[in-house]
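# what's the 3D shape of this:
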Amino acid sequence: MKEIKGKNTKKPQVYATAASKTNTKSQGQLEENRKDSGRLFGGDKERLNEGGRAFGGNKESLNESGRASGGNKERLKDGGKAFGGRRENNADVREKRITETGLQKKGLEKTEHGSKGTKLCPSAGRCGGCQLIHLPYKKQLERKKKKLEDLLRGICTVYGMEGMENPWHYRNKVHAVFDHDRKGNPISGIYEAGSHRVVPVDHCLLEDEKADEIIVTIRELLKSFKIRTYDEDTGYGLLRHVLIRKGFFSGQIMVVLVTVSPVFPSKSNFVRALREKHPEITTIVQNINERNTSMVLGKRDHIFFGRGFIEDYLCGCVFRISPQSFYQINPVQTEKLYQKALKLADLHGDETVIDAYCGIGTIGIIAAKQAEKVIGVELNPEAVRDAINNAKINHIQNIRFYCNDAGRLMREMAESRQKADVVIMDPPRSGSTEEFMDAVKVLGPRKVIYISCGPETLARDLQYFHKLGYQADGGWGYDLFPGTEHIEVVTCLRQMEGKK
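Sure thing, here's the model as predicted:
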């Protein structure tokens, strides 16, 4: 097994250890600082997220550091889930967005979609990202629960669909495509469904409002700095996309300027002008994407301002988020989802837990507080390095990360007579693979916690798990993407008696 040397890496089989003993801050100090900042966890304020993972390919297209069995992870899940059926990291440029242009002018309430959906969102018909914008939120939840019940009928019982108190502006990650009109004036927005025509968008009902404001400011600055937007047909121009990431609890903001070339005219002056308009910006990064591809982000980052990353909180832990990192886009609902997953795991402090395709280590680090040992598995080396840093930040020393395929690692553990009590898995919308599930059977954990963003493939996988001797106790739905058809669900599978 490949080993990466780190400050505290001692064991030959371990990809890297999790915590640095030189770090002097205690978890109690972190908790106190968090409380001082006024950001609470739990109760009515439950929030925050991500921790994506992917099996068999690309989890969030935005290449945010994912987990993938066979490649990259941050890719489909982060979101990969939200608009138009995708997940999010090196996000696919066809990410869908909707607008609320004219909302205040028409005096419409935001508290209900209703039949006024087209008035709330003038671009809904062209964007296609919010399939349920026309329905009151209560009706959306009823529709999603029924869909889940239909898919899981005969497999397990569905125990509700947890919605949001405020289903608006929940996306902490916002992506805008930049182009120009026939007169050469810069425009920003989204690709029209099924095309590469850009629909101008200034305000979106689902996206963070401050992020939308910053995108508009960047567009306005382009002309004065004589910066041209990139033209896909001619290959001329510089700016392709803008990505904004905001920490839901920390309030920190990252601006990523995706350009076709590393040369950025008047860089210092541009950064100064943008920060004068928005002093709340924490860091500004240039990402270079020279490829003719539908992927938003390239592989190279240049820091223009700040540290090149932001931090935010999830379930009492701190997580560092870089431009490439996978991090869930709905923090409020993700924290509820993870808390439910760990409640189902029912950890008592003496268990070994496998976080299969751990990405930047979110759920594994959270689980480490309740388990004896956690093993995080990830194929993306950059994601694993992020996970190691996050474990150090949180002073978690009972977690180890392996750069490996999760199925292969579980088989190796079984061959060496090692055991695991719980496996936590969170595959992409395409679901898991029979090879992975077979490896779970070989290792023989007493429980499998399956977090799914694709209920259709979840139903298929639960049926296969049943053949292997694992029965689903039930399904708990969570609405991470109000206004869309997408559903998140967590299930708990137990090893059946006589099937061990």
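# so residue 254 bridges to which residues?
Taking DSSP bridges as the rule, residue 254 bridges to residue 245, residue 283.
# quick one: contacts for it?
The neighbours of residue 254, taking CB atoms under 8 Å, 6 or more residues apart in numbering as the test, are 244-246, 281-285, 306, 309-310, 321, 323. Any C-beta I mention is one placed from the backbone N, CA and C, and that applies to glycine too.
# Closest one of those residues to residue 346?
Nearest to residue 346 among the contacts of residue 254 is residue 321, at 29.6 Å by CB to CB.
# what's around that closest one, how many residues?
26 (other CB atoms under 10 Å).
# for the one 5 residues further on, same thing?
Neighbour count for residue 326, taken as other CB under 10 Å: 39.
# Would you confirm that it contacts residue 360?
Yes. Contact criterion CB atoms under 8 Å: residue 326 and residue 360 qualify, at 6.5 Å.
# Could you point out which of the contacts of residue 254 is nearest to residue 387?
Nearest to residue 387 among the contacts of residue 254, with distances taken as CB to CB, is residue 321, at 12.4 Å.
# Need phi/psi at that closest one.
phi -120, psi 120 (degrees, to the nearest 10).
# Give me the pLDDT for it.
Residue 321 is assigned 92 on the pLDDT scale.
# Beta-bridge partners for it, please?
In beta-bridge terms (that is, DSSP bridges), residue 321 pairs with residue 310.
# Which residues are in contact with it?
Contacts of residue 321 (CB under 8 Å, 6+ apart): 245, 247, 254, 309-312, 327, 360.
# Low-confidence stretches in the chain?
1-119, 128, 498-500 (pLDDT under 70).
# 80 instead, please
1-129, 193-195, 293-294, 498-500 (pLDDT under 80).
# hey, where'd the helices end up in this protein?
27-36, 103-106, 117-120, 124-127, 137-152, 209-224, 267-277, 331-345, 362-368, 381-393, 406-415, 434-443, 455-467 (DSSP state H).
# Which one of those helices lies nearest to residue 172?
Using CB to CB, these put helix 331-345 closest to residue 172, at 5.9 Å.
# hmm, back to that, select only the buried ones of the contacts of residue 321 in ChimeraX?
Per 16 or more other CB atoms under 10 Å, the buried members of those correspond to this ChimeraX selection:
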select :245,247,254,309,310,311,312,327,360
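# Export the contacts of residue 321 as CSV, with columns for distance to residue 448.
Output for these, formatted as CSV (distance: CB to CB, whole Å):
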residue, distance to residue 448
245, 31
247, 31
254, 35
309, 33
310, 33
311, 31
312, 28
327, 24
360, 22
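# of the contacts of residue 321, closest to residue 378?
Among these, and counting by CB to CB, the member closest to residue 378 is residue 360, at 8.7 Å.
# Spit out the contact partners of the closest residue to that closest one other than its chain neighbours.
Distance criterion CB to CB, 6 or more residues apart in numbering; nearest residue to residue 360, sequence neighbours excluded, is residue 386 at 4.2 Å. Residues near residue 386 by CB under 8 Å, 6+ apart: 65, 320, 322, 325, 359-361.
# repeat that for 7 Å
65, 320, 322, 325, 360 (CB atoms under 7 Å, 6 or more residues apart in numbering).
# Farthest-apart pair in the residues you listed, please.
65 and 320 (10.3 Å).
# Give me the distance between the two termini of stretch 356-366.
Start-to-end span of stretch 356-366 (CA to CA, to the nearest Å) is 14 Å.
# do the same with stretch 285-298
End-to-end for stretch 285-298, by CA to CA: 12 Å.
# Please apply the same query to stretch 175-190.
8 Å.
# next one: it to chain centre, how far?
Here the centre of mass of C-alpha atoms in stretch 175-190, compared against the chain's by CA atoms, centre = their mean, to the nearest Å, lies 26 Å away.
# Kindly report the same for stretch 186-193.
23 Å.
# likewise stretch 489-500?
Worked out by CA atoms, centre = their mean, stretch 489-500 lies 27 Å from the chain centre.
# what's next to it, contact-wise?
Everything outside stretch 489-500 that qualifies as a contact, by CB under 7 Å, 6+ apart, is 148, 156, 337, 340-341, 344, 444, 446-452, 455, 458, 462, 465, 469-477.
# which among these end up buried?
Here, 16+ other CB under 10 Å leaves 148, 156, 337, 340-341, 344, 444, 447-452, 455, 458, 462, 465, 469-472, 474-477 buried among the contacts of stretch 489-500.
# Could I get the buried residue list for stretch 360-371?
Those would be 360-369, 371, for stretch 360-371 by 16+ other CB under 10 Å.
# With stretch 198-218 instead?
198-199, 201, 203-208, 210-212, 214-215, 218.
# coming back round to it: which one of the helices of the chain is the most hemmed in?
When you average the neighbours per residue for each of these (mean count of other CB atoms under 10 Å), helix 362-368 leads with a mean of 28.
# which helices and strands does that one pack with?
strand 317-321, helix 331-345, strand 352-356, strand 373-378, strand 399-403 (3 or more CB pairs under 7 Å, 6 or more residues apart in numbering; DSSP states H and E).
# Columns distance to residue 236 on top of the ones you listed, output as JSON lines?
Converted to JSON lines, the helices and strands packed on helix 362-368 look like this (distance: least, CB to CB, whole Å):
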{"stretch": "strand 317-321", "distance to residue 236": "33"}
{"stretch": "helix 331-345", "distance to residue 236": "39"}
{"stretch": "strand 352-356", "distance to residue 236": "45"}
{"stretch": "strand 373-378", "distance to residue 236": "39"}
{"stretch": "strand 399-403", "distance to residue 236": "40"}
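# what's the closest non-adjacent residue to residue 319?
residue 390 (5.3 Å).
# Can you name the residues that contact residue 309?
283, 320-322.
# 8 Å instead, please
254, 283, 320-323, 325.
# Likewise for residue 423?
353-354, 356, 410, 440, 443, 445, 447-449.
# same thing but 7 Å
354, 356, 440, 445, 448.
# Residue 319 now?
311-312, 327, 360, 362, 390.
# With residue 257 instead?
Counted by CB under 7 Å, 6+ apart, residue 257 has contacts 239, 242, 286.
# and which of the buried residues of stretch 360-371 is nearest to residue 399?
residue 368 (4.6 Å).
# Assess the claim that that closest one and residue 374 are in contact.
Yes. With contacts counted by CB atoms under 7 Å, residue 368 reaches residue 374, the gap being 4.5 Å.
# Could you name every residue contacting both of these two?
Joint contacts of residue 368 and residue 374 (CB under 7 Å, 6+ apart) are 398-399.
# re earlier: Serialize the contacts of residue 254 to TSV and add fields for distance to residue 434.
What follows is the contacts of residue 254, written out as TSV (distance: CB to CB, whole Å):
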residue	distance to residue 434
244	39
245	35
246	39
281	46
282	44
283	43
284	45
285	40
306	45
309	37
310	39
321	33
323	35
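# Tell me the most packed of the contacts of residue 309, by neighbour count.
residue 325 (30 neighbours).
# Can you give me the distance of that one to residue 361?
According to CB to CB, to the nearest Å, residue 325 and residue 361 sit 11 Å apart.
# swap in residue 213?
On the measure of CB to CB, residue 213 and residue 361 end up 32 Å apart.
# Kindly report the same for residue 230.
34 Å.
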